[in-house]
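K.L.:
Fold the following.
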Amino acid sequence: MGFGQAISAGFAKYVDFRDRACRSEYWYWTLFTAIVYAVAYIIDAMLDPDAQLVTGLFALATIIPSIAVAVRRLHDLDRSGWWFLLGLIPLIGQIVLLIWYVDKGTDGPNRFGPDPLVASPFPDQQFGAPA
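P.N.:
Okay, the predicted model is just below:
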(Lines give C-alpha, C1' and ligand atoms only; values in the text may rest on other atoms or scores of the structure.)
Protein backbone atom coordinates (compact mmCIF):
# COMPACT_ATOMS: atom_id res chain seq x y z
CA MET A 1 0.00 0.00 0.00
CA GLY A 2 1.36 3.39 -0.97
CA PHE A 3 1.34 6.69 0.89
CA GLY A 4 -1.73 8.09 -0.85
CA GLN A 5 -3.62 4.83 -0.54
CA ALA A 6 -2.90 4.68 3.19
CA ILE A 7 -4.20 8.20 3.75
CA SER A 8 -7.24 7.47 1.63
CA ALA A 9 -7.88 4.23 3.54
CA GLY A 10 -7.44 6.02 6.86
CA PHE A 11 -10.20 8.48 6.04
CA ALA A 12 -12.37 5.98 4.15
CA LYS A 13 -12.31 3.58 7.11
CA TYR A 14 -12.84 6.45 9.56
CA VAL A 15 -14.64 4.36 12.18
CA ASP A 16 -13.82 0.84 11.00
CA PHE A 17 -12.58 -1.05 14.04
CA ARG A 18 -13.23 -4.53 12.59
CA ASP A 19 -10.85 -5.13 9.68
CA ARG A 20 -7.09 -5.44 9.42
CA ALA A 21 -4.40 -2.89 8.46
CA CYS A 22 -1.00 -3.88 7.09
CA ARG A 23 2.21 -2.29 8.35
CA SER A 24 2.47 0.12 5.44
CA GLU A 25 -1.05 1.42 6.00
CA TYR A 26 -0.34 2.07 9.68
CA TRP A 27 3.09 3.65 9.22
CA TYR A 28 2.13 5.79 6.23
CA TRP A 29 -0.86 7.07 8.21
CA THR A 30 1.45 7.82 11.15
CA LEU A 31 3.89 9.64 8.84
CA PHE A 32 1.03 11.66 7.32
CA THR A 33 -0.28 12.77 10.71
CA ALA A 34 3.22 13.65 11.94
CA ILE A 35 3.92 15.81 8.88
CA VAL A 36 0.57 17.59 9.06
CA TYR A 37 0.97 18.15 12.81
CA ALA A 38 4.36 19.77 12.16
CA VAL A 39 2.92 22.02 9.46
CA ALA A 40 -0.10 22.89 11.63
CA TYR A 41 2.21 23.72 14.53
CA ILE A 42 4.24 26.07 12.32
CA ILE A 43 1.05 27.75 11.06
CA ASP A 44 -0.17 28.15 14.65
CA ALA A 45 3.18 29.63 15.69
CA MET A 46 2.93 32.23 12.92
CA LEU A 47 -0.70 33.12 13.66
CA ASP A 48 -0.89 33.04 17.44
CA PRO A 49 1.58 30.96 19.50
CA ASP A 50 -0.87 30.53 22.36
CA ALA A 51 -4.01 29.53 20.44
CA GLN A 52 -2.97 26.35 18.56
CA LEU A 53 -6.23 26.43 16.63
CA VAL A 54 -5.05 24.62 13.48
CA THR A 55 -3.30 21.88 15.46
CA GLY A 56 -6.38 21.37 17.62
CA LEU A 57 -8.71 21.13 14.62
CA PHE A 58 -6.43 18.61 12.91
CA ALA A 59 -6.24 16.59 16.13
CA LEU A 60 -10.03 16.49 16.33
CA ALA A 61 -10.29 15.43 12.70
CA THR A 62 -7.78 12.59 13.00
CA ILE A 63 -8.12 11.19 16.53
CA ILE A 64 -10.79 8.62 15.62
CA PRO A 65 -9.17 7.40 12.37
CA SER A 66 -5.78 7.21 14.14
CA ILE A 67 -7.23 4.98 16.85
CA ALA A 68 -9.08 2.95 14.21
CA VAL A 69 -5.96 2.30 12.13
CA ALA A 70 -4.04 1.32 15.29
CA VAL A 71 -6.79 -1.13 16.26
CA ARG A 72 -6.86 -2.56 12.73
CA ARG A 73 -3.07 -2.94 12.92
CA LEU A 74 -3.45 -4.96 16.11
CA HIS A 75 -6.10 -7.06 14.37
CA ASP A 76 -3.57 -7.83 11.62
CA LEU A 77 -1.39 -9.32 14.36
CA ASP A 78 -4.40 -11.39 15.53
CA ARG A 79 -4.63 -9.37 18.75
CA SER A 80 -7.73 -7.74 20.17
CA GLY A 81 -8.10 -4.01 19.62
CA TRP A 82 -8.41 -3.60 23.37
CA TRP A 83 -4.62 -4.03 23.54
CA PHE A 84 -4.50 -0.43 22.29
CA LEU A 85 -5.20 0.61 25.89
CA LEU A 86 -1.78 -0.83 26.79
CA GLY A 87 -0.42 2.49 25.53
CA LEU A 88 -1.86 4.16 28.64
CA ILE A 89 0.86 2.49 30.71
CA PRO A 90 3.79 4.92 30.62
CA LEU A 91 6.83 3.81 28.63
CA ILE A 92 6.43 0.02 28.98
CA GLY A 93 3.03 -0.13 27.28
CA GLN A 94 4.14 2.20 24.51
CA ILE A 95 7.29 0.17 23.85
CA VAL A 96 5.29 -3.07 23.66
CA LEU A 97 2.82 -1.48 21.23
CA LEU A 98 5.67 -0.12 19.11
CA ILE A 99 7.20 -3.60 18.86
CA TRP A 100 3.83 -5.04 17.87
CA TYR A 101 3.20 -2.32 15.27
CA VAL A 102 6.56 -3.08 13.64
CA ASP A 103 5.96 -6.83 13.64
CA LYS A 104 4.72 -8.64 10.53
CA GLY A 105 1.01 -9.46 10.50
CA THR A 106 -0.37 -12.97 10.37
CA ASP A 107 -0.28 -14.63 6.96
CA GLY A 108 -3.63 -15.50 5.46
CA PRO A 109 -6.98 -14.88 7.08
CA ASN A 110 -7.38 -14.65 10.83
CA ARG A 111 -10.37 -14.10 13.11
CA PHE A 112 -10.50 -10.42 12.07
CA GLY A 113 -10.72 -10.96 8.33
CA PRO A 114 -8.71 -11.70 5.21
CA ASP A 115 -5.05 -10.81 4.79
CA PRO A 116 -4.81 -7.16 3.63
CA LEU A 117 -1.68 -7.96 1.61
CA VAL A 118 -3.31 -10.57 -0.60
CA ALA A 119 -3.25 -9.32 -4.17
CA SER A 120 -6.54 -7.96 -5.39
CA PRO A 121 -8.03 -9.52 -8.52
CA PHE A 122 -7.60 -6.16 -10.31
CA PRO A 123 -4.13 -4.83 -9.42
CA ASP A 124 -3.34 -1.17 -10.12
CA GLN A 125 -6.86 -0.45 -11.32
CA GLN A 126 -8.43 2.77 -10.10
CA PHE A 127 -12.11 2.90 -9.19
CA GLY A 128 -14.13 3.72 -12.25
CA ALA A 129 -11.24 3.13 -14.63
CA PRO A 130 -11.96 1.00 -17.68
CA ALA A 131 -10.82 -2.61 -17.44
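
K.L.:
Give me the nearest residue to Ser24, chain neighbours excluded.
P.N.:
Of all residues not flanking Ser24 in the chain, Met1 sits nearest, at 4.5 Å (C-beta to C-beta, 6 or more residues apart in numbering). No exception for glycine: its C-beta is placed from N, CA and C like everyone else's.

K.L.:
tell me the contacts of that neighbour?
P.N.:
Contacts for Met1 (C-beta atoms under 8 Å, 6 or more residues apart in numbering) come out as 9, 22, 24-25, 28, 116.

K.L.:
same thing but 10 Å
P.N.:
8-9, 21-29, 116-117 (C-beta atoms under 10 Å, 6 or more residues apart in numbering).

K.L.:
do the same with Leu77
P.N.:
Leu77 touches 20, 23, 83, 100-101, 103-106, 110, 112, counting by C-beta under 10 Å, 6+ apart.

K.L.:
can you tell me which of those residues are in helices?
P.N.:
23, 100-101 (DSSP state H).

K.L.:
Let me have those residues in JSON lines, adding pLDDT as columns.
P.N.:
As requested, the ones in helices among the contacts of Leu77 are exported to JSON lines (pLDDT from 0 to 100):
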{"residue": "Arg23", "pLDDT": "94"}
{"residue": "Trp100", "pLDDT": "96"}
{"residue": "Tyr101", "pLDDT": "96"}
